[in-house]
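Asker: fold the following.
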Amino acid sequence: MSKNRITVAHGDGIGPEIMDSTLRIMDAAGADLEIDTIEIGESVYRAGHSSGIAPESWEILRRNPVFLKSPITTPQGAGFKSVNVTIRKTLNLFANVRPCKSYSPFVASPHPGLNLVIVRENEEDLYAGIEHRQTPEVTQVLKLITRPGSEAIIRYAFEYARVYGRRRERRQTGRRKGRNSNELGRRKGRTNDTNKSIRRACDAHEQGGPLGQ
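Answerer: Numbering: from 1, shown residues only. Coordinates of the predicted model:
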């Protein structure tokens, strides 16, 4: 039986310590892994790569289906780009999926019944990284939200819920509603027109109709 090949980046700061512990746990759990290690983050920035990742690392990232990384430092100023955002946008990793589940009573928790999955758009909004300085005291940042990007995250969230049997959902498009077991997307500060467009797309997909209406 072939091993599962993954890409690993040990990261910066406490990253190497976290990764070492993580890999020991996975080994103890019986994960049969073959690891390709790449270097990203602060040392790569300092070597002259403004994106924080060397060109030769992209081939490894694209080849392996799993990328396990520790925290990464982005130097402040001097035009450095977040390597996290660069990887997301380059590989079209638009969906940030965060399962949140209580393991009570094995792990003590004030919320023993918690079983929540958050699906968040990962590339648009402020992640677009478009900003410019209007005056020495004013900087403008653009929050870009597109219909195709919104429809893609909505479709992903509904399909995730169907595949994993998540029966209840909650959409957050700027104002809080009742609490349920799923949250589909979350972007603060949208305009009313954007909120309405995203809610219509959610309703259309939930009812099995086309999103592009």
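
Asker: the residue lying closest to Lys81 once chain neighbours are set aside: what secondary structure?
Answerer: Ranked by CB to CB, 6 or more residues apart in numbering and with sequence neighbours excluded, the top spatial neighbour of Lys81 is Ser51, at 5.3 Å. Every C-beta, even on glycine, is put in place using the N, C-alpha and C of the backbone. Of the three states, Ser51 takes coil under DSSP: H, G, I helix; E, B strand; the rest coil.

Asker: average pLDDT across stretch 86-100?
Answerer: For stretch 86-100, the mean pLDDT works out to 92.

Asker: end to end, how far does that stretch reach?
Answerer: 26 Å (CA to CA, to the nearest Å).

Asker: adjacent strands (with direction) for the helix or strand containing Val97?
Answerer: Assessed by DSSP states H and E, Val97 sits inside strand 95-101. If you go by DSSP bridges, strand 95-101 pairs up with strand 115-121 (antiparallel).

Asker: flag every buried residue along the longest helix anywhere in the chain.
Answerer: Counting by DSSP state H, the longest helix found in the chain is helix 147-163. By 16 or more other CB atoms under 10 Å, the buried positions in helix 147-163 come out as Gly149, Ser150, Glu151, Ala152, Ile153, Ile154, Tyr156, Ala157, Phe158, Tyr160, Ala161.

Asker: thought the second one was touching Glu123?
Answerer: It refers to Ser150. No: between Ser150 and Glu123 there is no contact under CB atoms under 8 Å: 11.2 Å.

Asker: who's in contact with the strand holding Val97?
Answerer: Residues outside strand 95-101 that contact it (CB atoms under 8 Å, 6 or more residues apart in numbering): 114-122, 153, 156-157, 160.
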